[in-house]
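>>> for reference, the sequence and a predicted model appear below.
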Amino acid sequence: MSIESLNNRFSNPHVRFRQHEALVIVDLENDHGQATLTTFGATLLSYRPRGGEDLLWVSETALYDGKKPVRGGVPVCWPWFGAYDPAALGADPSDEHKKGHGVARYALWDVESVETVGDATQVVFVLRPDDEIRKAWPLDFILRLKVSLGQSLEMTLVGENLSDRDWQVSEAFHTYFSVADAEGLVVRGLDCAPRVDKLSGGARGVQAGEVRMSTPMEQVFLGHGGTLVIEDRGNGREIVIERENSASSVLWNPGPEGVKAFADMPDDQYRKTVCVEVANALEDAYALKAGASHSMRMRLSVGG
Ligand code: TA6
């Protein structure tokens, strides 16, 4: 659909569609702030509460070619989080379309609705499998992402299994937050959570107290669902992450050496962002039964 048709069909005083390189961008603005999305991957690229700075980081060298996920914002990882594992998925193991972190972030989503709900502005994106998706994930589904810009920014991901078999889902909002300094950054809300350290060969432990981030870092915290708080002191704010139906959190930063492997991330930027991901990963993956649906919600706001 052309930009003109999108603006006509989903006409709303708080929502504007535009083109940026190969991508369709959706700008939301109301009394609560501003948000920017793209239909490619249904990725949230920016969220600025009124009078505040952006909570999200997007790389200056991100690609907007519609082939590779935009580096930054909130990529949606579904129906699997992590590496492609065709055997577990019931997909063709010879398939060359290996999509890390699931098919959703590589796909062009449709806009289903744009609405004003109370004083919030709400956009719903929908994804149905096409031939490209079926090459990596042959099972039928419908996936919706509802994004609501109100007092906070709320994202609700609802996956429905339309196939005749049950399958396992792992998923994440792979959020890149913008922070003054990732090194030593404190994240609260993970006390007592079982922890898997990916950089120490999957060593297991239990978190005691707050997490003080180091760069690099890649840890998965399991079996908890509480609110997370990022103490972004250098920017004079706390970023509050509430969630529903998410039992895992992933904390990731590539560090000074790891960042060099990312062509779409400048080398000096690793200290300016951390991924704090609301997820259901590893043993928190769940069975999505045939005909059933599941929703995971994340709410972002600024405190402190
Ligand atoms: O969530 C952490 C992680 O899985 C890391 O291992 C890291 O590679 C990162 O995500 C980025 O993945 P991507 O596929 O977007 O390059």
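Right, received. Where do you want to start?

>>> can you list the residues of the protein near the ligand?
Applying CB under 6 Å from any ligand atom, we find that the chain lies next to the ligand at Gly100, His101, His174, Glu218, Val250, Trp252, Cys275, Glu277. Heads up, the C-betas are built off the backbone N, CA and C, glycines and all.

>>> would you turn those residues into CSV with pLDDT and secondary structure?
Formatted as CSV, the residues of the chain next to the ligand follow (pLDDT from 0 to 100; DSSP: H, G, I helix; E, B strand; the rest coil):
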residue, pLDDT, secondary structure
Gly100, 87, coil
His101, 92, coil
His174, 98, coil
Glu218, 98, strand
Val250, 98, strand
Trp252, 98, strand
Cys275, 98, strand
Glu277, 98, strand
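
>>> report the buried members of the residues you listed.
Buried residues within the residues of the chain next to the ligand, counting neighbours by 16 or more other CB atoms under 10 Å: His101, His174, Glu218, Val250, Trp252, Cys275, Glu277.

>>> residues touching the third one, list them.
Glu218 makes contacts with Asp197, Lys198, Leu199, Val250, Leu251, Trp252, Asn253, as judged by CB atoms under 8 Å, 6 or more residues apart in numbering.

>>> one more time with 10 Å
196-200, 250-255, 258, 275 (CB atoms under 10 Å, 6 or more residues apart in numbering).

>>> mind listing what's buried along stretch 11-18?
By neighbour count on 16+ other CB under 10 Å, the buried set for stretch 11-18 is Asn12, His14, Val15, Arg16, Phe17.

>>> look up how far the ligand lies from the second one.
What that stands for is His14. From His14 across to the ligand, the span is 30 Å (CB to the nearest ligand atom, to the nearest Å).

>>> go on, the third one?
Separation of Val15 from the ligand (CB to the nearest ligand atom) stands at 28 Å.

>>> quick check: closest non-adjacent residue to that residue.
Val114 (5.1 Å; CB to CB, 6 or more residues apart in numbering).

>>> can you tell me which helix or strand of this protein has the lowest average pLDDT?
Within the chain, no helix or strand scores below helix 86-89, which has a mean of 62 by mean pLDDT, DSSP states H and E.

>>> can you list the strands that the helix or strand just after that one pairs with?
Heading C-terminal from helix 86-89, the first helix or strand you meet, by DSSP states H and E, is strand 110-117. Paired strands of strand 110-117, with direction, are strand 120-127 (antiparallel) (DSSP bridges).
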